[in-house]
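**Student:** coords below, sequence missing:
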């Protein structure tokens, strides 16, 4: 039975004594239906929000995202209802039809959500309060090392002097400007990339930064067990004095033509946007140099397996076997291995909506506390092989293949968590929190000397000492 607007006016007992004094009265049954309809619409909005637009574990920035997302859904809902008022108004709104229409708007709403999520991830100018709210779990490693340094009576100039010979740069942050006091050249771009990443965090800060002086080391690992407070790429459990920083690849890794992290994010996001989980190749992929026993074991246990696309790379002629980061996203299972120390590949793999499979890792990076390997937990975001090494790999992959829903959950958890926390916004927030944490345990007042070189000049010359010409 169709109900026109005219019919509603007739049944609503509307009295118009005068233009100035209008009285409208609706039948109680119509009022109840109206309230019920709006209640159901509200429930539908929440249901569609949680079912189609949000990963249930991604709670870190809901306050920022959901305001815009919910407004979009409500707006679309109101438009849908108003557009149907001439032929669909009745005492009993066809709720199933409304649900179908709301679902059909999923394609137009999802880009609004994705664009907002992307803008948040690219916002390098978040203040400290926003950083804490949006990335509340990111700074555990800084809290750990700060507590350790407090227990050792802080950081002294003597410690920096002692650690200088084993560092690539001595750096000064003074009055919100970056200076290089000492530079030990390396045969790769790592120190330059790290310094550029630090500089970016400095110049995008919306707040004053503390004056600090520190050392950076960009080796694969610091082998010394001497407890010196050096900024490093990774550490083993016993190296409690090391301060872990985002590695050079978060800025750029040009040598193997990986490119900048932003490029990797753009390319992986573009590929993921075109693929569903069912579209992905149900195989495990790995490429690398078999330079250590662990990687040789990986090649052995995967040899001849139907699920294996695992091969070694000869870096003297890598063209045939090399696979760029974004193409890894075509596969359901991505193998991560350490090498002589930590491996920088993990952050790239985490830009794919795939299951990351790894062995028990010895080296810790600044974000490793976020890894959850508990089998079948709601927040599992990585699958670890039963050792030693990769011995249990065939059993694990067969289990993942048999339980595809479990695999997809791990992939979704990993992608939503790490594409958020390891974003440019997350990296800059971590750097600035690192500056502030260091300042809290710094037991001296840094000084700017005439010989200190501004980062802008250093970045052009790649040295702190050159002849005038």
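**Tutor:** Yep, that arrived. Everything numeric in this text was worked out from a predicted model, so none of it was measured.
**Student:** what mean pLDDT does the one helix or strand residue 414 maps to have?
**Tutor:** Using DSSP states H and E, residue 414 sits within helix 404-421. When pLDDT is averaged over helix 404-421, the result is 96.
**Student:** the next helix or strand after that helix versus helix 404-421: what angle between them?
**Tutor:** Using DSSP H and E, the helix or strand that follows helix 404-421 towards the C-terminus is helix 424-441. If you take axes from the mean of the first three to the mean of the last three CA atoms, to 10 degrees, helix 424-441 sits at 60 degrees to helix 404-421.
**Student:** care to break the chain down by domain?
**Tutor:** Domain ranges of the chain: 5-121, 136-247+427-461, 266-364+368-421, per automatic domain parsing.
**Student:** closest to residue 256 out of those domains?
**Tutor:** Nearest to residue 256, of all these, is domain 266-364+368-421, at 7.8 Å by CB to CB. Quick note: C-beta positions are derived from backbone N, CA and C, even for glycine.
**Student:** so how far is the closest one from its chain's centroid?
**Tutor:** Centroid displacement of domain 266-364+368-421 relative to its chain, using CA atoms, centre = their mean, to the nearest Å, is 17 Å.
**Student:** returning to what we had before: what helices or strands is the helix holding residue 414 leaning on?
**Tutor:** Using 3 or more CB pairs under 8 Å, 6 or more residues apart in numbering; DSSP states H and E as the contact test, the elements touching helix 404-421 are helix 106-121, helix 261-274, strand 331-336, strand 355-358, helix 393-402.
**Student:** follow-up on the earlier one: switch the domains of the chain over to TSV; also include distance to residue 253 and mean neighbour count.
**Tutor:** Below are the domains of the chain laid out as TSV (distance: least, CB to CB, whole Å; neighbours: other CB atoms under 10 Å):
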stretch	distance to residue 253	mean neighbour count
domain 5-121	20	14
domain 136-247+427-461	7	18
domain 266-364+368-421	7	18
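**Student:** dump those domains to JSON lines, plus distance to residue 254.
**Tutor:** Converted to JSON lines, the domains of the chain look like this (distance: least, CB to CB, whole Å):
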{"stretch": "domain 5-121", "distance to residue 254": "23"}
{"stretch": "domain 136-247+427-461", "distance to residue 254": "6"}
{"stretch": "domain 266-364+368-421", "distance to residue 254": "13"}
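**Student:** where among these is average confidence lowest?
**Tutor:** domain 5-121 (a mean of 49).
**Student:** got the phi and psi for residue 161?
**Tutor:** phi -60, psi -40 (degrees, to the nearest 10).
**Student:** enumerate every residue touching it.
**Tutor:** If a contact means CB atoms under 8 Å, 6 or more residues apart in numbering, then residue 161 has no contacts.
**Student:** same check on residue 299?
**Tutor:** Residue 299 is in contact with 290, 310, 311, 312, counting by CB under 8 Å, 6+ apart.
**Student:** next, the first one: secondary structure please.
**Tutor:** Pointing back at residue 290 there. Recorded secondary structure, residue 290: coil (DSSP: H, G, I helix; E, B strand; the rest coil).
**Student:** that one contacts residue 312, correct?
**Tutor:** Yes - in terms of CB atoms under 8 Å, residue 290 counts as a neighbour of residue 312; the distance is 4.7 Å.
**Student:** what does the helix holding residue 414 contact?
**Tutor:** Counting contacts by CB under 8 Å, 6+ apart, the residues outside helix 404-421 that touch it are 55, 57-58, 60-61, 117, 121, 135, 137-138, 265, 269, 272, 277, 332-333, 347, 350-356, 367, 370, 372, 376, 379-383, 400-401, 426.
**Student:** including distance to residue 153, could the helices and strands packed on helix 404-421 go into CSV?
**Tutor:** Below are the helices and strands packed on helix 404-421 laid out as CSV (distance: least, CB to CB, whole Å):
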stretch, distance to residue 153
helix 106-121, 39
helix 261-274, 37
strand 331-336, 38
strand 355-358, 37
helix 393-402, 46
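**Student:** out of these, which gets nearest to residue 191?
**Tutor:** Closest among these, using CB to CB: helix 261-274, at 16.9 Å.
**Student:** for that closest one, packing partners?
**Tutor:** Applying 3+ CB pairs under 8 Å, 6+ apart, one finds that helix 261-274 contacts helix 325-328, helix 404-421, helix 424-441.
**Student:** what packs against the first one?
**Tutor:** What it means is helix 325-328. With contacts taken as 3+ CB pairs under 8 Å, 6+ apart, helix 325-328 sits against helix 261-274, helix 346-349.
**Student:** go through these and name the closest to residue 461.
**Tutor:** Smallest distance to residue 461 across the helices and strands packed on helix 325-328 (CB to CB): 25.1 Å, for helix 261-274.
**Student:** quick one, that closest one and helix 424-441 angle?
**Tutor:** Relative orientation of helix 261-274 versus helix 424-441 (the same axes, to 10 degrees): 140 degrees.
**Student:** out of the contacts of residue 299, which are inside strands?
**Tutor:** Counting by DSSP state E, the part of the contacts of residue 299 found in strands is 310, 311, 312.
**Student:** which single one of those is nearest to residue 248?
**Tutor:** When those are ranked by distance to residue 248 (CB to CB), residue 312 comes first, at 24.1 Å.
**Student:** measure the nearest residue to residue 455 once chain neighbours are set aside to residue 128 for me?
**Tutor:** Of all residues not flanking residue 455 in the chain, residue 178 sits nearest, at 4.0 Å (CB to CB, 6 or more residues apart in numbering). From residue 178 over to residue 128 the distance is 19 Å, taken as CB to CB, to the nearest Å.
**Student:** try residue 435
**Tutor:** Separation of residue 435 from residue 128 (CB to CB): 10 Å.
**Student:** what's the closest of the helices and strands packed on helix 261-274 to residue 217?
**Tutor:** helix 424-441 (14.7 Å).
**Student:** after the closest one, which helix or strand is next? Please name it.
**Tutor:** For helix 424-441, the succeeding helix or strand toward the C-terminus, using DSSP H and E, is strand 453-454.
**Student:** that next one - which strands sit beside it in the sheet, and in what orientation?
**Tutor:** Strand 453-454 pairs in its sheet with strand 177-183 (antiparallel), by DSSP bridges.
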